[in-house]
Structures are given as C-alpha cells and as structure tokens.
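K.L.:
The sequence and its predicted three-dimensional model are supplied below.
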Amino acid sequence: MTATDFAHTTDDESALSELDHGKVTFQPFLSWRAGRASCNICVLLATHAKANGLGQVFTAKTGFQLDVATVRAPSTSFVRRTRVDPSSGFIAGAPDLAVELHETGRSLIQLMRKVKQYFAAGTHTIWIVDPDRKEVQILEATGTDCLLQNDDLLEAPELLPGFSTPISEFFE
C-alpha cells in the first residue's frame, strides 16, 4: 500500500493506524497518564511556538508522509515556520520535532523503528516521553542522547528558541 492509497482508506480502516513501509499497523490507545502528558506537551509547545512565530504544533493523528509507503503520526509534533506547507493531505516529510509517548508494556522495537524512520526522513529531534517513569529521553539527529527526570529543564534552543520548562510540567 502506498501513502496515497492509505490516505483514501475509510475511517474504520485508518483509525489509530500508521503506514509502515506499505503495511498498516494499529496503534494502541493511550492510558490516561499518557493522554494527559500528550495534551500538556501540546499546549506548552503550541503556546510557545505561536507566541514566537516559530511554526506549527500538531496533535496526535496528524500524518507525516516520510516516504512513498510510510506515514507516521507522532503523539505531538512541531514543524518550523519555514517548512509549513498549507497543502491538503498528509504533511510531506518528517516533523522537525516528534514527540512519542512510550508506556510500559508497549513494543520498544516498534518505537525504535519509528525513531530510525523519523531521523532518516529528516527529523531534527525526538522526545520519547515515559509517563509512568516521568522521564523524557531526548534524541537528536546529531547523535546526542540525554535523559531528563523530575524537575530537569527541557530546552530546545535550535528548534524552539526561548522554550524552557521542567519536565514535571508534562505530567501534572
């Protein structure tokens, strides 16, 4: 299946799904903790991005066409103003920032597959948010990797200049 075919599937066929190299994969629903964290992250990022004219923040279920047969939908995402394209359909290319929620018991192999696909398609930074452990792992295309916990400050100066928040804000 191509991304074009996937875009024309019915609501029942595409609900909570992504396209992974031509194969439709179904995503589990988020727990209440993960849903709350996703909402908090989206609000924090959108407020900052809008106030500073940095770009657009997208919620879960927004499709990014990473290649001809791969469409991913991060929990939250950010695309720089210079890359925002108001065309219809899936967003062409990868988000600059992809936020993925990872919960205990979910497939780490599938998560790492997404990470590789995002980076291969041009994503700058990925935040892997674990609401059970209240941690955020930050991965950058440059190979930088860091783990934040408790009241560690999360900053993203290259993508979101001036953005700074303790990660505890994601989980409250």
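P.N.:
Looks like it came in fine.

K.L.:
Contacts for stretch 41-52 next, please.
P.N.:
When contacts are defined by Cβ atoms under 8 Å, 6 or more residues apart in numbering, stretch 41-52 is touched by residues 54-57, 59, 75-76, 78, 97, 99, 127, 129, 160-163, 165, 169-170. C-beta coordinates here come from the backbone N, C-alpha and C atoms, glycine included.

K.L.:
Relative to the whole chain's centre, how far out is it?
P.N.:
Once both centres are worked out by Cα atoms, centre = their mean, to the nearest Å, stretch 41-52 turns out to sit 14 Å from its chain's centre.

K.L.:
Over to stretch 94-105?
P.N.:
Using Cα atoms, centre = their mean, we find the averaged C-alpha position of stretch 94-105 to lie 4 Å away from the chain's own average C-alpha position.

K.L.:
Ok, stretch 80-98 next?
P.N.:
Per Cα atoms, centre = their mean, the displacement of stretch 80-98 from the mean C-alpha position of its chain is 12 Å.

K.L.:
for the record, mean pLDDT for that stretch?
P.N.:
Across stretch 80-98, the average pLDDT comes to 86.

K.L.:
distance between the ends of that stretch?
P.N.:
This stretch, stretch 80-98, spans 12 Å end to end (Cα to Cα, to the nearest Å).

K.L.:
quick one on the thing from earlier: strands - which of the contacts of stretch 41-52 land there?
P.N.:
The strands in this structure, assigned by DSSP state E, contain 55-57, 59, 76, 78, 97, 99, 127, 129, 160-163, 165 from the contacts of stretch 41-52.

K.L.:
Looking at those, which gets the smallest pLDDT?
P.N.:
The member of these with the lowest model confidence is T59, at 91 (criterion: pLDDT).

K.L.:
Can you name the residues bridging to E18?
P.N.:
The bridge-partner assignment for E18, based on DSSP bridges, gives T25.

K.L.:
Extract the residue ranges of the protein that are flagged as low pLDDT.
P.N.:
Low-confidence regions of the chain, defined by pLDDT under 70, span residues 3, 5-16, 86, 88.

K.L.:
Show me the strands in it, by range?
P.N.:
17-20, 23-26, 55-59, 64-67, 70-72, 76-80, 91-92, 97-101, 125-130, 135-140, 145-149, 153-156, 160-166.

K.L.:
about what we covered before: list buried members of the ones in strands among the contacts of stretch 41-52 by neighbour count.
P.N.:
With neighbours counted by 16 or more other Cβ atoms under 10 Å, the ones in strands among the contacts of stretch 41-52 contain buried members at 55-57, 76, 78, 97, 99, 127, 129, 160, 163, 165.
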